[in-house]
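Undergrad: Sharing a sequence plus its predicted fold:
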Amino acid sequence: LPRNYRFCLFFLLLSVEFAMQNSSGLLSSASKNIKETLHMNDKEFGMFGTANGLGRVIGSSIYIIIVNNFNRKFVFAFFVLIKSLLLICFKLTSIGYLLVITRLFIGIAHMPPSIYIPVWIDQFGIKKYKTLFMTLVQVVMPTGKVVGYLLHMVFGETQWQMGFVFEGCYLFMVGVVVALTPAKYFASNAFVMKPEDIIIANN
């Protein structure tokens, strides 16, 4: 498989991890505005984190079950698209408990793409850059949260929901692009042969 295409695909997948971290920064930055808008106290607001954490545990368990039973490209694209739509719910409703439940499902949808990115790097990454690729994944996590703070500043305190909408729209576009990407770039039976970086994928 062409190295240049794999490089581009890596940065596309990396941007997914980057974008998925925005909402954590947004929640922290806009906590005061969120509590005012949704009429929540500190304990109720804390349920956003609890629900998301529980969702991530469930999402990780689901991924372990389905990773070898379904097409990995469509699993990745499906959960990215689901998360994108759930994020937009922050603009569609001001009912606090519904958004807490939404955060639960956001946590579930977060984990399959997040887990798969290092797996993809190990399988399809350029050998001499794999360490760099893995390092960049760790770098974009806190960086994405910082951008979440910036999104709150850009959209303003009264429009804090737009940060979630922005994140959701970007993830939706990437999910569509991944869904249209040739399946051989995600094939579970792809393997590396000599010379280095020649990958054979049986569809």
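TA: Looks like it came in fine. Here the structure is a predicted model, which is why all the values come from computation and not from measurement.

Undergrad: The protein: strands as residue ranges?
TA: Remark: strands assigned in the chain by DSSP state E are 191-193, 198-200.

Undergrad: which of those strands has the lowest average pLDDT?
TA: Set side by side, those give their lowest mean pLDDT on strand 198-200, at a mean of 50.

Undergrad: correct me, but F10 touches I121?
TA: Yes. With contacts counted by Cβ atoms under 8 Å, F10 reaches I121, the gap being 6.9 Å. For glycine as for every other residue, the C-beta is placed from the backbone atoms N, C-alpha and C.

Undergrad: Mutual contacts of the two, please.
TA: Common neighbours of F10 and I121 (criterion: Cβ atoms under 8 Å, 6 or more residues apart in numbering): F133.

Undergrad: Which parts of this protein are helices?
TA: 3-20, 22-29, 31-38, 42-66, 72-92, 96-124, 130-155, 161-180 (DSSP state H).

Undergrad: Packing partners of the third one?
TA: When contacts are defined as 3 or more Cβ pairs under 8 Å, 6 or more residues apart in numbering; DSSP states H and E, helix 31-38 packs onto helix 42-66.

Undergrad: Just want the angle from the helix it packs on to helix 31-38.
TA: Per axes from the mean of the first three to the mean of the last three Cα atoms, to 10 degrees, the angle that helix 42-66 makes with helix 31-38 is 100 degrees.

Undergrad: Out of the helices of the chain, the one nearest A187 is which?
TA: In terms of Cβ to Cβ, the element of these nearest to A187 is helix 72-92, at 7.7 Å.

Undergrad: Distance from the chain centre to that closest one, please.
TA: 8 Å (Cα atoms, centre = their mean, to the nearest Å).

Undergrad: Tell me the buried residues in it?
TA: The neighbour-count check on helix 72-92 (16 or more other Cβ atoms under 10 Å) flags 72-73, 75-90 as buried.

Undergrad: now the angle from that helix to helix 161-180?
TA: Using the same axes, to 10 degrees: helix 72-92 against helix 161-180 is 160 degrees.

Undergrad: So which residues make contact with helix 72-92?
TA: Contact with helix 72-92 is made by 16, 20, 23, 59, 63, 66-67, 98-99, 102, 105-106, 109-113, 116, 161-162, 164-165, 167-172, 174-176, 178-179, 181, 183, 185-188, as judged by Cβ under 8 Å, 6+ apart.

Undergrad: Please indicate which of those residues are buried?
TA: The buried subset of those (16+ other Cβ under 10 Å) comprises 16, 20, 23, 59, 63, 99, 102, 105-106, 109-113, 116, 161-162, 164-165, 167-168, 170-172, 174-175, 178, 181, 185-187.
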